[in-house]
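[1] missing the sequence, but the structure's below:
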(Lines give C-alpha, C1' and ligand atoms only; values in the text may rest on other atoms or scores of the structure.)
Protein backbone atom coordinates (compact mmCIF):
# COMPACT_ATOMS: atom_id res chain seq x y z
CA UNK A 1 0.00 0.00 0.00
CA UNK A 2 1.31 3.44 -0.92
CA UNK A 3 2.09 6.10 1.68
CA UNK A 4 1.19 8.94 -0.68
CA UNK A 5 -0.97 11.58 1.00
CA UNK A 6 -4.31 12.74 -0.33
CA UNK A 7 -5.46 16.30 -0.82
CA UNK A 8 -8.64 18.30 -0.58
CA UNK A 9 -9.72 21.13 -2.83
CA UNK A 10 -12.00 23.71 -1.19
CA UNK A 11 -13.89 26.33 -3.22
CA UNK A 12 -15.55 29.25 -1.46
CA UNK A 13 -18.40 31.00 -3.23
CA UNK A 14 -18.45 34.76 -3.47
CA UNK A 15 -21.05 36.66 -1.52
CA UNK A 16 -21.76 39.92 0.22
CA UNK A 17 -21.52 38.63 3.78
CA UNK A 18 -17.92 38.23 4.98
CA UNK A 19 -16.50 39.07 1.54
CA UNK A 20 -13.51 40.88 3.06
CA UNK A 21 -12.81 38.16 5.61
CA UNK A 22 -11.19 34.77 5.38
CA UNK A 23 -12.60 31.52 6.75
CA UNK A 24 -10.27 29.39 8.86
CA UNK A 25 -10.02 25.80 7.55
CA UNK A 26 -9.70 23.12 10.25
CA UNK A 27 -8.99 19.43 9.80
CA UNK A 28 -9.51 17.35 12.93
CA UNK A 29 -9.59 20.54 15.03
CA UNK A 30 -6.26 21.90 13.70
CA UNK A 31 -6.15 25.00 11.50
CA UNK A 32 -4.46 24.11 8.20
CA UNK A 33 -5.09 27.34 6.31
CA UNK A 34 -7.50 30.08 5.37
CA UNK A 35 -9.69 30.72 2.35
CA UNK A 36 -10.73 34.09 0.93
CA UNK A 37 -13.95 35.12 -0.82
CA UNK A 38 -14.28 33.43 -4.23
CA UNK A 39 -11.03 31.47 -3.84
CA UNK A 40 -10.10 27.83 -4.32
CA UNK A 41 -7.42 26.34 -2.07
CA UNK A 42 -5.80 22.91 -1.91
CA UNK A 43 -4.56 21.24 1.27
CA UNK A 44 -2.60 18.03 1.82
CA UNK A 45 -4.15 15.53 4.22
CA UNK A 46 -3.01 12.14 5.44
CA UNK A 47 -4.84 8.99 4.49
CA UNK A 48 -7.70 8.03 6.76
CA UNK A 49 -10.81 9.49 8.35
CA UNK A 50 -10.99 13.22 8.99
CA UNK A 51 -13.40 15.99 9.97
CA UNK A 52 -13.44 19.27 8.04
CA UNK A 53 -14.86 22.43 9.67
CA UNK A 54 -14.75 26.11 8.78
CA UNK A 55 -14.62 28.94 11.34
CA UNK A 56 -15.06 32.68 11.33
CA UNK A 57 -14.82 34.32 14.75
CA UNK A 58 -16.99 32.26 17.14
CA UNK A 59 -19.20 30.94 14.32
CA UNK A 60 -18.60 28.11 11.92
CA UNK A 61 -19.92 25.44 9.62
CA UNK A 62 -21.39 22.02 10.01
CA UNK A 63 -18.67 19.39 10.51
CA UNK A 64 -18.09 17.26 7.44
CA UNK A 65 -16.58 13.80 7.89
CA UNK A 66 -14.65 12.23 5.03
CA UNK A 67 -12.22 9.43 4.28
CA UNK A 68 -9.09 10.21 2.26
CA UNK A 69 -7.37 7.53 0.18
CA UNK A 70 -3.78 7.66 -1.17
CA UNK A 71 -3.22 10.19 -3.97
CA UNK A 72 -6.94 11.07 -3.99
CA UNK A 73 -8.25 14.62 -4.44
CA UNK A 74 -11.53 15.33 -2.64
CA UNK A 75 -13.57 18.40 -3.62
CA UNK A 76 -15.60 20.53 -1.21
CA UNK A 77 -17.45 23.83 -1.48
CA UNK A 78 -18.41 26.38 1.15
CA UNK A 79 -19.98 29.76 1.72
CA UNK A 80 -22.10 31.90 4.00
CA UNK A 81 -25.74 31.16 4.79
CA UNK A 82 -26.35 34.92 4.97
CA UNK A 83 -27.77 35.52 1.49
CA UNK A 84 -30.72 37.55 0.32
CA UNK A 85 -33.32 37.96 3.06
CA UNK A 86 -31.25 35.73 5.35
CA UNK A 87 -28.98 38.76 5.88
CA UNK A 88 -31.71 39.91 8.27
CA UNK A 89 -31.06 36.79 10.37
CA UNK A 90 -27.45 37.69 11.19
CA UNK A 91 -28.11 37.77 14.95
CA UNK A 92 -29.92 34.41 14.85
CA UNK A 93 -26.95 32.75 13.11
CA UNK A 94 -24.34 34.54 15.23
CA UNK A 95 -25.99 33.74 18.57
CA UNK A 96 -28.23 30.68 18.22
CA UNK A 97 -27.10 28.82 15.10
CA UNK A 98 -23.36 29.42 15.33
CA UNK A 99 -22.44 26.13 13.63
CA UNK A 100 -24.71 26.89 10.68
CA UNK A 101 -23.47 30.42 9.95
CA UNK A 102 -21.36 28.85 7.16
CA UNK A 103 -22.30 25.94 4.91
CA UNK A 104 -19.93 23.18 3.85
CA UNK A 105 -20.61 20.27 1.51
CA UNK A 106 -19.03 17.81 -0.87
CA UNK A 107 -18.73 19.33 -4.33
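    Arrived safely. Computed from a predicted structure; not experimentally measured.

[2] What lies in contact with the worst-scoring helix or strand of the chain on mean pLDDT?
    In the chain, the helix or strand scored least confidently by mean pLDDT, DSSP states H and E is helix 90-95, which has a mean of 80. Here helix 90-95 makes contact (Cβ atoms under 8 Å, 6 or more residues apart in numbering) with 17, 58, 59, 81, 82, 86, 100, 101. From N, CA and C alone the C-beta is placed, and that goes for glycine too.

[3] Can you measure across stretch 57-71, start residue to end residue?
    Stretch 57-71 has an end-to-end distance of 33 Å (Cα to Cα, to the nearest Å).

[4] how about that stretch: buried residues?
    59, 60, 61, 64, 66, 68 (16 or more other Cβ atoms under 10 Å).

[5] Out of these, list just those in helices.
    Using DSSP state H, no member of those sits in helices.

[6] Am I right that residue 10 falls within a strand?
    Yes. Remark: residue 10 belongs to a strand, assigned using DSSP: H, G, I helix; E, B strand; the rest coil.

[7] partner residues bridging it?
    residue 41, residue 76 (DSSP bridges).
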